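Asker: any chance you can model this:
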Amino acid sequence: MSAAGAGLRVVIDARRCVGTSNCAEEAPEAFEMDDDNHPRAVPGASRETLVAGARACPVCAITLHDAATGERIAP
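Answerer: Got it, this is the predicted structure:
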């Protein structure tokens with residue numbers, strides 16, 4: 001799954017995600033859990049909270065990339 005926000009492309013690897021909810025607990029303004037216990041990006045989230053949530057994932061299932069350059073920002 002991919003989403004965009006705060007100048008970032010948010011990529012969530014549902015196969016890698018183990019559903020700990022660390023991302024949503026660390027950054028509830030940026031991530032919420034769906035019915036399958038996988039995260040999804042919250043529209044309008046700030047760059048800072050997206051980065052905090054992505055870094056909280058213990059299995060690196062969330063990656064953030066600069067929307068303009070494609071450069072990987074986190075984790």
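Asker: just checking, what packs against the longest helix along the chain?
Answerer: Using DSSP state H, we find that the single longest helix of the chain is helix 47-56. Packing partners of helix 47-56 (3 or more C-beta pairs under 8 Å, 6 or more residues apart in numbering; DSSP states H and E): strand 8-12, helix 22-26, strand 62-66, strand 72-74. For glycine as for every other residue, the C-beta is placed from the backbone atoms N, C-alpha and C.
Asker: output it as CSV, nothing but the C-alphas.
Answerer: Provided in CSV are the C-alpha atoms of helix 47-56 (Å, rounded to 0.1, in the frame of the first residue of the first chain):
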residue,chain,number,x,y,z
ARG,A,47,6.3,14.9,8.2
GLU,A,48,7.6,14.7,11.7
THR,A,49,4.9,12.4,12.9
LEU,A,50,5.1,10.2,9.8
VAL,A,51,8.8,9.7,10.5
ALA,A,52,8.2,9.0,14.2
GLY,A,53,5.6,6.3,13.3
ALA,A,54,7.7,4.7,10.6
ARG,A,55,10.7,4.5,12.9
ALA,A,56,8.6,2.8,15.6
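Asker: so what touches stretch 26-36?
Answerer: Contact partners of stretch 26-36, identified using C-beta atoms under 8 Å, 6 or more residues apart in numbering, comprise 14, 19, 21, 23-24, 39-42, 45-46, 49-50, 52-53, 55-56, 62.
Asker: and that stretch, end to end?
Answerer: One end of stretch 26-36 to the other measures 19 Å (C-alpha to C-alpha, to the nearest Å).
Asker: how about that stretch: buried residues?
Answerer: Glu26, Ala27, Ala30, Phe31, Met33 (16 or more other C-beta atoms under 10 Å).
Asker: and the longest helix of the chain with strand 8-12, angle?
Answerer: If you take axes from the mean of the first three to the mean of the last three C-alpha atoms, to 10 degrees, helix 47-56 sits at 30 degrees to strand 8-12.
Asker: next, the angle from helix 47-56 to strand 62-66.
Answerer: Relative orientation of helix 47-56 versus strand 62-66 (the same axes, to 10 degrees): 140 degrees.
Asker: pull the distance from helix 47-56 to the chain's centre.
Answerer: Centroid displacement of helix 47-56 relative to its chain, using C-alpha atoms, centre = their mean, to the nearest Å, is 7 Å.
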